[in-house]
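S.K.: The amino acid sequence is not available; the structure is as follows:
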């Protein structure tokens, strides 16, 4: 056998067979997922950033958060995960001291810093079935969470609750339960929210929230949203309580809950993240744990809409979302009232994030900026638009609505994209003619 393999141009010297295998170029079908939310709260147990699904919360809340699933302190988490698929929960006070205790020559240190570590108890017992073995037990909040058998010559392994160090001495195995002590929570300060935003910036999420009343922290979140959306190109929305930001990237929740004034922020945070690109939250039924404190008359609801407030209202015995809107109220020719509608923003954000992902992963440094390359990009964008149209997120799309041409520089491409988002029905105007 002489020449063979792949070829770039027809310049081979040796006789032989040169074959290239390539895919027929077809449009990409990269469609970003929704359902990712994030917020920060103080906890006495857990990692700095905890990734949670609804199933993980139900099964492993004690191990991951140091609290039982139905604990009142976890109500905000349950509210978010009613509708969100994934929650990135940031622990604001995770840099305190770790609890520890020394038993039988071993030092047992809580897996995480915080007061939660003081709720851990450990015991070393002789195995009644085999005197050469010991039984190592761990209790958390009075519940046995671990029971393992070891030979007396074995090294005790660290686990989900304690790290183990030192050399064991099992001369006395009375089975006494001993508690860890010395765990402390760090005091939460405003700077901790800045650290949270730095950490979460590299993650993909649809919504981020803050349910506090510190206006400087609210302003920090507004600035974060503007930088992410307008400078970084990361399309997310911030959910805040009673913050008239006049910006499409901020949802201003003003309805008050009896249990925690800003509690509805958590529900909106999860519901907005989990809402599909072809749907809206208008008139949706609230199924969370908070109780609506407001009793708003129709004129109050009208004022709330005009002021860009996301509110809930009573419909007989039900609590429902009034309108799925954001805080943008000063409309212009460049940004009309459509930009105040979260359903529209979700469509536009989907387009921006997906096209950026397609371009960044498949075109930058890989495809030539010539007619063929631009046609390929045009095909990917139009295919994405057709998918949105099939989902009922946009309408009346024509391939001619996307124009791709060379930019000013040799490495730049310019795209002109006309899109018509669809919204859910809200108002019915009917004339009944009687003859």
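M.R.: Right, received. Where do you want to start? Because the structure is predicted, anything quoted here is derived from the model rather than measured.
S.K.: contacts and neighbour counts: CA atoms only from here.
M.R.: Will do.
S.K.: Let me see the ranges of the helices in this protein.
M.R.: Remark: helices assigned in the chain by DSSP state H are 54-65, 75-80, 190-200, 215-226, 264-274, 298-306, 342-362, 371-391.
S.K.: Report the buried residues of the third one.
M.R.: By that I understand helix 190-200. Neighbour counts using 16 or more other CA atoms under 10 Å place 193, 196, 197, 200 of helix 190-200 among the buried residues.
S.K.: Give the rounded mean pLDDT of stretch 312-320.
M.R.: Stretch 312-320 comes out with an average pLDDT of 94.
S.K.: measure that stretch end to end?
M.R.: The first and final residues of stretch 312-320 sit 5 Å from each other (CA to CA, to the nearest Å).
S.K.: now swap in stretch 322-338 and tell me
M.R.: Using CA to CA, the end-to-end distance of stretch 322-338 comes out at 17 Å.
S.K.: just to revisit the earlier point, buried deepest among the helices of the chain, which one?
M.R.: When neighbours are counted by mean count of other CA atoms under 10 Å, the highest per-stretch mean among the helices of the chain falls to helix 264-274, a mean of 28.
S.K.: And the contacts of it?
M.R.: With contact meaning CA atoms under 8 Å, 6 or more residues apart in numbering, helix 264-274 is reached by 34-37, 76-77, 79-85, 205-211, 239-241, 253, 255-257, 281, 288, 290.
S.K.: The same query, at a cut-off of 6 Å, please.
M.R.: For helix 264-274, the external contacting residues (CA atoms under 6 Å, 6 or more residues apart in numbering) are 34-37, 76, 79-80, 83-84, 206-207, 211, 239.
S.K.: likewise stretch 202-221?
M.R.: 36-39, 236-241, 262, 265, 273.
S.K.: can you rerun that using 7 Å?
M.R.: Under the criterion CA atoms under 7 Å, 6 or more residues apart in numbering, residues 34-39, 190, 236-241, 262-263, 265, 269, 272-273 lie in contact with stretch 202-221.
S.K.: okay if I get the helices of the chain as JSON lines plus distance to residue 408 and mean pLDDT?
M.R.: Listed next are the helices of the chain as JSON lines, based on distance: least, CA to CA, whole Å; pLDDT from 0 to 100:
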{"stretch": "helix 54-65", "distance to residue 408": "49", "mean pLDDT": "96"}
{"stretch": "helix 75-80", "distance to residue 408": "45", "mean pLDDT": "98"}
{"stretch": "helix 190-200", "distance to residue 408": "34", "mean pLDDT": "96"}
{"stretch": "helix 215-226", "distance to residue 408": "27", "mean pLDDT": "98"}
{"stretch": "helix 264-274", "distance to residue 408": "37", "mean pLDDT": "98"}
{"stretch": "helix 298-306", "distance to residue 408": "42", "mean pLDDT": "95"}
{"stretch": "helix 342-362", "distance to residue 408": "18", "mean pLDDT": "93"}
{"stretch": "helix 371-391", "distance to residue 408": "14", "mean pLDDT": "94"}
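S.K.: how about the ones you listed in JSON lines, adding distance to residue 155?
M.R.: Listed next are the helices of the chain as JSON lines, based on distance: least, CA to CA, whole Å:
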{"stretch": "helix 54-65", "distance to residue 155": "23"}
{"stretch": "helix 75-80", "distance to residue 155": "38"}
{"stretch": "helix 190-200", "distance to residue 155": "36"}
{"stretch": "helix 215-226", "distance to residue 155": "48"}
{"stretch": "helix 264-274", "distance to residue 155": "44"}
{"stretch": "helix 298-306", "distance to residue 155": "64"}
{"stretch": "helix 342-362", "distance to residue 155": "47"}
{"stretch": "helix 371-391", "distance to residue 155": "56"}
